[in-house]
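K.L.:
sharing a model prediction with you, sequence too.
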Amino acid sequence: MEKKSKWMYILPVMFGFFIMGFCDIVGISSDYAQKAFGWSPAMTGFIPSMVFIWFLFLGIPVGVWMNKWGRKNTVLLSMGVTVIGMVLPLIAYTAVTCMIAYAFLGIGNAILQVSLNPLLTNVVTDKKLLTSSLTAGQVVKALSSLAGPEIVLLAVHYFGHGDTQLWYYCFPILGGITLLSALWMMVTPIPREKMDNHTAVASFGATFALLKDRTILLLFLGIFFVVGVDVATNYISSKLMVTRFQWVADQAKFAPQVYFLSRTVGAFLGVFLMTKISEIKYFRWNIAGCIGILVVLALAEHNAVLNLVCIGGIGFLCSCIFSIIYSMAMQARPEKANEISGLMITAIAGGGAVTPVIGLVTTENSMVGGVFVIMACVFYLTYCAFGIKVKTSL
């Protein structure tokens, strides 16, 4: 009976991870937006920025204010923001309202990323179960990322009857799913955590002060650039196949799906392999392999299968790097675990900083510049793998 009761609390939280994956829709949907509004590659490059830049501004404040609002209420707030943003293009379909919708998606996602993982600890108290539950949550998020291109195509072919100008119907689909998740969460009596207002006020200064620690600063930038690699690869994958091989939308959707599927497989395999070898060795092997794959991707302009293998290879090899760098930061200053968590979530803003650069260096006929931007991010991660030494507390 008690086990059944626990699942009643856990399942709506797990479904929240599906909502978390909606931000990855920016890759395939930006292709449709670019055609609909006649945007240049540079302008299109700002779409992921509208989603991910909010982590920079909201990561730490939301983590602090969450102590006052409560974790469940903060999750519900994130979903409310998302639902509002997703109905705007239906009210008035313009380039401006679509950009605002992307911004609301990003704001809601930033709040959700900060609050949902801690909320899971409200319903899963066993540390061993918590680790597996967090892993399960990331799998649910990955499944959402895989479903993203299908949701866009559903909007176009079913609701839009094949009219690509009606691609924006994907927004209300996302809003409807988010609303269902919010209602499920709302009616579930998840126990509230204890509040500590004094700690909430004090943590602002304590969090920013951590950047004075050189190791923490370098690892913060590591999170910034690994998320940049993730979002940028998702962003250019379909565009690369369209540009090089003239794939249509139904074909191009497979590129981000290959990426997300490979990332999911890599994460599962990484959990097993890192029980056999050290995290830092695994980090070094994977990042070295990623450099080689990017070189091949930059040069392989005439083989579609090889391009897809390279896109999947990036997802596979980079799948565990976020968690490794996050773990390195926690080991460096374990006494500041809460502050480091908020700081690392803020670094997810890297996903919105890299794609505008890609937009500036790519053209309608070539995405090679975008591959080299990703490679530059990977070079910094290589420095993290080989150049940062973390002294752990005993």
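P.N.:
Right, received. Where do you want to start?
K.L.:
residues touching Y259, list them.
P.N.:
233-234, 237, 311-312, 314-315 (CB atoms under 8 Å, 6 or more residues apart in numbering). All C-beta atoms are positioned from the backbone trio N, CA, C, and that covers glycine.
K.L.:
do that again at 6 Å, thanks
P.N.:
The contact partners of Y259, by CB atoms under 6 Å, 6 or more residues apart in numbering, come to 233-234, 237, 311, 315.
K.L.:
mind putting the residues you listed into a markdown table with distance to K389?
P.N.:
Shown next, in a markdown table, are the contacts of Y259 (distance: CB to CB, whole Å):
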| residue | distance to K389 |
| --- | --- |
| T233 | 28 |
| N234 | 32 |
| S237 | 34 |
| I311 | 33 |
| G315 | 28 |
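K.L.:
quick one: which of these is nearest W69?
P.N.:
Closest approach to W69 among the contacts of Y259 (CB to CB): N234, at 31.0 Å.
K.L.:
for that closest one, which residues are in contact?
P.N.:
Counting by CB under 6 Å, 6+ apart, N234 has contacts 24, 27, 256, 259.
K.L.:
the last one in helix, strand or coil?
P.N.:
State at Y259, reduced to three classes by DSSP: H, G, I helix; E, B strand; the rest coil: helix.
K.L.:
grab the nearest non-local neighbour of it.
P.N.:
In this structure, Y259 finds its nearest non-sequential neighbour in G315, 4.3 Å apart by CB to CB, 6 or more residues apart in numbering.
K.L.:
before we move on, which element is that neighbour in?
P.N.:
Following DSSP states H and E, one finds G315 within helix 304-318.
K.L.:
which other residues reach that helix?
P.N.:
So helix 304-318 is in contact with 229, 233, 237, 245, 255, 258-259, 262-263, 266, 286, 289-290, 293, 296-297, 300, going by CB under 6 Å, 6+ apart.
K.L.:
what about these, which are in helices?
P.N.:
Among the contacts of helix 304-318, DSSP state H puts 229, 233, 237, 245, 255, 258-259, 262-263, 266, 286, 289-290, 293, 296-297 in helices.
K.L.:
filter the residues you listed down to the buried ones, PyMOL style.
P.N.:
Paste this into PyMOL to select the buried members of the ones in helices among the contacts of helix 304-318, with burial taken from 16 or more other CB atoms under 10 Å:
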select buried, resi 229+233+237+255+258+259+262+263+266+286+290+293+297
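K.L.:
farthest pair within the ones in helices among the contacts of helix 304-318?
P.N.:
Farthest pair in the ones in helices among the contacts of helix 304-318, by CB to CB: F245 and N286, 27.6 Å.
K.L.:
tell me the one of the ones in helices among the contacts of helix 304-318 nearest A110?
P.N.:
Distance to A110 across the ones in helices among the contacts of helix 304-318 (CB to CB) is lowest for V229, with 19.1 Å.
K.L.:
is it true that that closest one touches C377?
P.N.:
Yes. Here V229 reaches C377: they are 4.9 Å apart, a contact under CB atoms under 6 Å.
K.L.:
about what we covered before: just the buried subset of the contacts of N234, please.
P.N.:
By 16+ other CB under 10 Å, these give 24, 27, 256, 259 as buried.
K.L.:
list just the nearest of those to W54.
P.N.:
So of these, ranked by how close each gets to W54 (CB to CB), first place is D24, at 15.1 Å.
K.L.:
the closest one and G160, how far apart?
P.N.:
In this view, D24 and G160 are 21 Å apart by CB to CB, to the nearest Å.
K.L.:
what is the burial count for the closest residue to M186 other than its chain neighbours?
P.N.:
Leaving aside its chain neighbours, M186 sits nearest to L76 (6.3 Å; criterion: CB to CB, 6+ apart). As a burial measure, L76 scores 21 neighbours (other CB atoms under 10 Å).
K.L.:
next one, pLDDT for L76 please.
P.N.:
Note on L76: pLDDT of 95.
K.L.:
same for the helix or strand it falls within, what does it pack against?
P.N.:
Assigning secondary structure by DSSP H and E places L76 in helix 71-91. Judged by 3 or more CB pairs under 6 Å, 6 or more residues apart in numbering; DSSP states H and E, helix 71-91 is in contact with helix 95-123, helix 170-187.
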